[in-house]
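**Student:** Quick one: sequence plus predicted model below, questions after.
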Amino acid sequence: MKILFDHGTPAPLRRKLSGHGISTAYEMGWAHLDNGALLAAAEAAFDVMITTDQNLQYQQNLVGRRLGVVILPTTNWLKIADHVAQIIAALEAVHPGEIVLVAFP
């Protein structure tokens, strides 16, 4: 699976998602794009985008998009590291045009 990390997604998560092709918005030269333009660019090259932008679900309509989105509840790597299994499950569950919210207890 090809995964794009949005701006706030902690880079150390990359090491926990072995077996996937992962790039960041910054590496792709997309750091300046707003959410709509970022989604349009991402769906041409990626299967899923991981973001920490909680507002994305209210600002963007993904119906008809070829990209799935997984939203993490925090940018804090120490909190995220304890829930990698949940993130992997979300990646496996998300379909194109869908948003999956990952919630930590």
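**Tutor:** Noted; the coordinates are in hand.
**Student:** Quick one: list the elements packing against the helix or strand bottoming out on mean pLDDT in the chain.
**Tutor:** Ranking every helix and strand in the chain by mean pLDDT, DSSP states H and E puts helix 56-59 at the bottom, with a mean of 88. Judged by 3 or more Cβ pairs under 8 Å, 6 or more residues apart in numbering; DSSP states H and E, the packing partners of helix 56-59 are strand 68-71, strand 99-101. Yep, even glycine has a C-beta here, placed from its N, CA and C like the rest.
**Student:** Of these, which stretch is the most buried?
**Tutor:** Among the helices and strands packed on helix 56-59, ranked by average contacts under mean count of other Cβ atoms under 10 Å, first place goes to strand 68-71 (a mean of 24).
**Student:** CA atoms of it as PDB?
**Tutor:** What follows is strand 68-71 as a C-alpha-only set of coordinates in PDB (Å, rounded to 0.1, in the frame of the first residue of the first chain):
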ATOM      1  CA  GLY A  68      -8.800   6.700   1.800                       C
ATOM      2  CA  VAL A  69      -7.900   8.800   4.800                       C
ATOM      3  CA  VAL A  70      -7.000   7.700   8.300                       C
ATOM      4  CA  ILE A  71      -7.200  10.400  11.000                       C
END
